[in-house]
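**Student:** Structure, please.
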Amino acid sequence: MAKKRRMFSIDMPTEAAPVQSAPEALAPATQSRRGPMASAITEAAESHRQRQEIEAQIRAENDALAHEHVRLKNMGLIIELVPINAIHTDKLVRDRAVAPDPELAELKDSIVEIGLSNPIRVEARDDGGYELIQGFRRLCAYKELAKTLGQEKWSAIPAVVTSAGDTLEDLYRRMVDENLVRKDISFAEMAQLALEYARDPATEEQDPDKVVALLFKSAGYQKRSYIRSFIKLIDALGGDLRHPTHLPRALGLALVALVEKAPADVDALRAKLAAMPERSVSEELDLLRVAVGVTEKAMPETGPKAPAPSAKPARLRLGFERNGTAVQCTAVDGKLEIKTSRDFSALDAAALERALSEFLDQLDGGAGS
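**Tutor:** Numbers count the residues shown, from 1 in each chain. Reported below is the predicted structural model:
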């Protein structure tokens, strides 16, 4: 017997329900992905841009440093090592007399022991050389050290290098102002400088009296007056005097009066000076005092005096190389000093004593032979 199938009724909506959109998170990406070549080009361009910015910054810093270096150099605040053989002393007439300097040995000793405390000043030349402006004695000391010690360290001297362009008047002023603060520069030296400046065809002022006002502006009125008086003396007797730098001020002024009032007495003085060509400082001063009719006691010594015999003991200094090592030796009365790179404290005391004993025996043998 067949079963009867049941039928179900389904209610269908009259309108289809709207389909809800998928979550935005599941929506496919609409932005297209950049290729590897495009990424490489972009990175290279960015790297190039950054490198250009760094290079521009470095150039700006270098330009600023260069401008600052030039500014400091023009102000005389940059010190360089200048070969002594490249320094010329022709442009300016020195206000120092060219004569043996008894104090140069002390200056050399000071330079060797503690170095040069005050650099010289030079002006650069177009040919690569230099013209000395300030520091004639310091340069002489370095030249003698290079000659006697023969070491490379003395072949160049610390110097302030200025560019060419200053007038001769400015250069002379620099030289004079430095030496005016030194008490040992004489009126005769200052007068001689004024005369040489006036005679120089490259300078504008030809009147020595007016030159004094130009070069010695920092000196007082009275001092400039004394310099002008000494100009008359040096102009009249400069070629006859052997030791003008030791001429005291009072004696010099008395000689000026003699030149102005008694030309015949001046001629007699020239004859006496010519008769003693090898006279010493004291002998020349005695002749001059007799000429003006005064004695040494009657005339105050207000100017530079003749150097007294130095109480400083004689000093012997030498330098040489031994087995490729530089050795410096300084010998004075009762003292011998040896400087080298060797560590003598590491030596055996007995061996050092034997070596010193043999050394002294060798000296005694050499002295007695």
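
**Student:** tell me the mean pLDDT for stretch 248-258?
**Tutor:** The pLDDT scores in stretch 248-258 average 91.

**Student:** Any buried residues in that stretch, and which?
**Tutor:** By 16 or more other C-beta atoms under 10 Å, the buried positions in stretch 248-258 come out as 248-256, 258. The way it works is simple: take the backbone N, C-alpha and C, and place the C-beta from them, glycine included.

**Student:** Show me the contact partners of stretch 128-144.
**Tutor:** 82, 84, 86-92, 94, 96, 101, 104, 107-108, 111, 116, 118-125, 154, 157, 159, 161-162, 171, 174-175, 178 (C-beta atoms under 8 Å, 6 or more residues apart in numbering).

**Student:** The chain - how does it break down into domains?
**Tutor:** What automatic domain parsing lists as the domains of the chain is 56-166, 183-308, 316-363.

**Student:** Pipe these into a markdown table and attach distance to Ala44 per row.
**Tutor:** Formatted as a markdown table, the domains of the chain follow (distance: least, C-beta to C-beta, whole Å):
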| stretch | distance to Ala44 |
| --- | --- |
| domain 56-166 | 19 |
| domain 183-308 | 63 |
| domain 316-363 | 56 |
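
**Student:** quick one: low-confidence parts of the stretch 101-250 of the chain?
**Tutor:** Scanning the stretch 101-250 of the chain for pLDDT under 70 picks out the ranges 101-102, 178-184.

**Student:** quick one: the helices in it?
**Tutor:** Ranges of helices within the stretch 101-250 of the chain are 104-114, 136-149, 168-180, 187-199, 208-215, 221-237, 249-261, based on DSSP state H, counting those that start in this stretch.

**Student:** Who are the packing partners of the fifth one?
**Tutor:** The reference is to helix 208-215. helix 168-180, helix 187-199, helix 221-237 (3 or more C-beta pairs under 8 Å, 6 or more residues apart in numbering; DSSP states H and E).

**Student:** which residues of the stretch 251-369 of the chain score low on pLDDT?
**Tutor:** 294-314, 366-369.

**Student:** before we move on, the earlier item: ranking the helices and strands packed on helix 208-215 by burial, who's on top?
**Tutor:** Mean neighbour count (mean count of other C-beta atoms under 10 Å) peaks for helix 187-199 among the helices and strands packed on helix 208-215, with a mean of 23.

**Student:** That one: how far from the chain's middle?
**Tutor:** How far helix 187-199 lies from its chain's middle: 25 Å, per C-alpha atoms, centre = their mean, to the nearest Å.

**Student:** could you give the angle of that helix to helix 168-180?
**Tutor:** Interaxial angle, helix 187-199 versus helix 168-180 (axes from the mean of the first three to the mean of the last three C-alpha atoms, to 10 degrees): 180 degrees.
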